[in-house]
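Chemist: I need the structure of the sequence given here:
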Amino acid sequence: MPNNESSESIKNTIMGEIVKNDKIKLDDFEEISAEQANSEIKAINAIAKIAELTDEQKELLLKDVYTKENILKELSEPIKLKICENKYGNVIDILSHIHDEWIKSNSEEFLDSVNKYKFVDLKLLPYSEVQSDLKSLKPILESCGIEIDDKELEEEFSKAQAKYIKDKELFSHEELVKKLMTGAELKGFGNIEDKIKNKEDAENIARQIEEQICHQKTDVHSHINAVLSGKTLSNLARDLLGEEIDPSTLEITETVDVFNEMLEINSRREKIVDKLIEKGYKKEFFEAIAKEYAKYGVKYAEITADYNTLISKKREKDKQKQKELEEKEIKELIKIIDSIEEETGVKLRFLLGSSRSQMSIEKFKNSELELIKKNPYIIGYDIMRV
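Modeler: Take a look at the predicted model:
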């Protein structure tokens, strides 16, 4: 290991860039080079694993990092080709590998203070943790011709974080805090709850994670019956329901009695939407919304919809059967929205709509609030009218 390299000899190498990124004075490099090299080896091991390098290629990569400005072409090209198959997904995997290795080799250090909460998957930590590990990784990737846009990486990390939380069913703040306080699935550590006593730290980290996931600009907010243009809605009615409807009858025109016209048009639209949902065209309906929004450059939309649209119009008298029905419909909605987001790039999120006159504390606490907790895509409540 080239720990005895002088500061001048590494100045114009990849290692020199890493030292500069970490804001370490080159004059001090010899004193801290072992620690820095340890970080570098972790990054190289992670790249080698993702890029499927041989042991010989890994050694060449390590040598180039300390002696050259750029990785040699015969090595950088296969690395770039493999990583860029799924660039940001692979970069997040590399950063996760680095994170896990740091935890394993510095376990005692990480049990101090707030560091103890790093005994979790990287995707359960704020984006600042990604940035700290990126300092050693970015210069190597750049020397292979792989450019990393910080904003794009942050967006992809937020998506990966949201998916991890959804897969682990950590849908409430309390569940997230509990997960942080029991550690993660890092091999060799298991449950470290007995070593974590400060719930306040876990609460703080949970809030940072929630802010990271929820920090999304709303491009459009609409009610389910107004969300589509008259033409698109009439096309759905024709193609899926076999009904010919004049698109102009689904749009408000400039008349004197606008309010009554609005009520009438809303009623017509509601009937079409209800039929589409009842006849099993929920996916096609939401897909049409996402595709129409994509044309306007909308990336994130919040839509107010009632229980009948989002869950089911059917009601079971037996509580257990009703619960099973809801769980089935929630899973189906999640599956639909996931596939639509993957296809169109548009995020559809929902507010559970209700009139104030139908609200009650009992209903809110015991029934509909639970639906919001169970489905990550039903993000809140919208009290629409009296």
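
Chemist: In which helix or strand does Leu352 reside?
Modeler: Following DSSP states H and E, one finds Leu352 within strand 347-354.

Chemist: all strands for the protein, in order.
Modeler: For the chain, the strands defined by DSSP state E cover 220-223, 300-305, 347-354, 378-383.

Chemist: so can I have CSV of these showing distance to Leu176 and mean neighbour count?
Modeler: C-beta here means a position set from N, CA and C on the backbone, and glycine is covered the same way. What follows is the strands of the chain, written out as CSV (distance: least, Cβ to Cβ, whole Å; neighbours: other Cβ atoms under 10 Å):
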stretch, distance to Leu176, mean neighbour count
strand 220-223, 26, 16
strand 300-305, 22, 20
strand 347-354, 18, 21
strand 378-383, 15, 16
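
Chemist: sorry, back to before: give me the sheet partners of the strand holding Leu352 and which way each runs.
Modeler: strand 300-305 (parallel), strand 378-383 (parallel) (DSSP bridges).

Chemist: Kindly present the strands of the chain as TSV, with separate columns for mean pLDDT and distance to Ile83.
Modeler: Conversion of the strands of the chain to TSV gives the following (pLDDT from 0 to 100; distance: least, Cβ to Cβ, whole Å):
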stretch	mean pLDDT	distance to Ile83
strand 220-223	88	35
strand 300-305	89	28
strand 347-354	85	26
strand 378-383	79	34
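
Chemist: Tell me which of those strands sits nearest to Asp133.
Modeler: Taking Cβ to Cβ as the criterion, strand 347-354 is the member of those that comes nearest to Asp133, at 26.8 Å.

Chemist: Quick one: residues contacting the closest residue to Lys283 other than its chain neighbours.
Modeler: With sequence-adjacent residues excluded and distances taken as Cβ to Cβ, 6 or more residues apart in numbering, Lys283 is closest to Ile336, at 4.8 Å. Ile336 sits next to Lys282, Lys283, Phe286 when contact means Cβ atoms under 8 Å, 6 or more residues apart in numbering.

Chemist: any idea of the mean pLDDT in stretch 274-289?
Modeler: When pLDDT is averaged along stretch 274-289, the result is 94.

Chemist: what comes up buried for that stretch?
Modeler: Of the residues in stretch 274-289, Leu276, Ile277, Tyr281, Lys282, Phe285, Phe286, Glu287, Ala288, Ile289 count as buried by neighbour count, 16 or more other Cβ atoms under 10 Å.

Chemist: Which ones among those map onto helices?
Modeler: Of the buried residues of stretch 274-289, the ones assigned to helices by DSSP state H are Leu276, Ile277, Lys282, Phe285, Phe286, Glu287, Ala288, Ile289.

Chemist: The first one touches Leu240, doesn't it?
Modeler: Yes: counting by Cβ atoms under 8 Å, Leu276 sits close enough to Leu240 to count as a contact (6.3 Å).

Chemist: what is in contact with those two at once?
Modeler: Taking Cβ under 8 Å, 6+ apart as the contact criterion, the residues that touch both Leu276 and Leu240 are Glu284.

Chemist: Where do the helices of the stretch 251-386 of the chain begin and end?
Modeler: With helices called from DSSP state H, counting those that start in this stretch, the stretch 251-386 of the chain shows them at 258-278, 282-295, 307-310, 319-344, 361-363, 369-374.

Chemist: give the contact list for Phe285.
Modeler: Contacts here follow Cβ under 8 Å, 6+ apart; on that basis Phe285 touches Leu236, Val273, Leu276, Ile277.

Chemist: So which of these is the closest to Leu351?
Modeler: For these, the nearest to Leu351 is Val273 (15.9 Å; Cβ to Cβ).

Chemist: Off-centre distance for stretch 151-161?
Modeler: With Cα atoms, centre = their mean, to the nearest Å as the basis, stretch 151-161 stands 6 Å off its chain's centre.

Chemist: Over to stretch 344-352?
Modeler: That offset, for stretch 344-352, works out to 13 Å (Cα atoms, centre = their mean).

Chemist: List the contacts of that stretch.
Modeler: So stretch 344-352 is contacted by 216, 286-287, 289-291, 293-294, 298-307, 310, 337, 340-341, 368, 371-372, 377-382 (Cβ under 8 Å, 6+ apart).

Chemist: go with 6 Å
Modeler: By Cβ atoms under 6 Å, 6 or more residues apart in numbering, the list of residues contacting stretch 344-352 from outside reads 290-291, 293-294, 300-305, 310, 337, 341, 368, 377-382.

Chemist: what do you get for stretch 155-167?
Modeler: Counting contacts by Cβ under 6 Å, 6+ apart, the residues outside stretch 155-167 that touch it are Tyr88, Ile92, Lys123, Tyr127, Val130, Gln212, Ile213, Pro376.
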